[in-house]
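*Asks:* mind looking at a prediction? Sequence and model below.
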Amino acid sequence: HYEGAAAVLIQKACETAIEFITLLAWPEPKAMVDLGCKVQVDAAARIDLAGGWTDTPPISYEHGGAVTNLAVRLDGAKPIGARVWRCSSPSLHLVTRAQ
């Protein structure tokens, strides 16, 4: 029942938050990238050393939370990544490359 209570608290906070928010002018969106253009991102893997997930609801609402983790590279490279290409037809291809 904690997760349900946490969801209700988050919903109420979001509904009333507008009283405390000032909206600024949003910049014009940038043009889309050209067809065939590639974008790649890479990230280090993370290892939880202590407190994993204690900083997320509902535990954090009652007890607070603290997490200690370590970012690691494998053979000097960030082992997690994603690549996207802009193509003319709508499609999605998921590929994993386990080594």
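*Replies:* Alright, I've got the coordinates.
*Asks:* got any ranges where the chain has weak pLDDT?
*Replies:* Applying pLDDT under 70 to the chain picks out residues 1, 29-31, 98-99.
*Asks:* show me where this protein has its strands.
*Replies:* With DSSP state E as the definition, the chain shows strands at residue ranges 38-43, 45-50, 68-72, 80-85.
*Asks:* which one of the ones you listed lies closest to A7?
*Replies:* The minimum distance between A7 and these falls on strand 45-50, with 24.3 Å, by CB to CB. (C-beta placed from N, C-alpha, C; glycine too.)
*Asks:* can you list the strands that that closest one pairs with?
*Replies:* In the sheet containing strand 45-50, the strands it pairs with under DSSP bridges are strand 68-72 (antiparallel).
*Asks:* between the partner strand and strand 38-43, how many degrees?
*Replies:* Here strand 68-72 points in a direction 130 degrees away from that of strand 38-43 (axes from the mean of the first three to the mean of the last three CA atoms, to 10 degrees).
*Asks:* what's next to strand 68-72, contact-wise?
*Replies:* Taking contacts as CB atoms under 8 Å, 6 or more residues apart in numbering, the residues outside strand 68-72 that touch it are 44-52, 79.
*Asks:* and if we set it to 10 Å?
*Replies:* Applying CB atoms under 10 Å, 6 or more residues apart in numbering, the external contacts of strand 68-72 come out as 43-52, 78-79.
*Asks:* a markdown table for those residues, including distance to V33 and neighbour count?
*Replies:* What follows is the contacts of strand 68-72, written out as a markdown table (distance: CB to CB, whole Å; neighbours: other CB atoms under 10 Å):
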| residue | distance to V33 | neighbour count |
| --- | --- | --- |
| A43 | 21 | 12 |
| A44 | 26 | 14 |
| A45 | 28 | 13 |
| R46 | 29 | 13 |
| I47 | 34 | 11 |
| D48 | 35 | 12 |
| L49 | 39 | 10 |
| A50 | 41 | 9 |
| G51 | 40 | 13 |
| G52 | 37 | 14 |
| K78 | 22 | 14 |
| P79 | 26 | 13 |
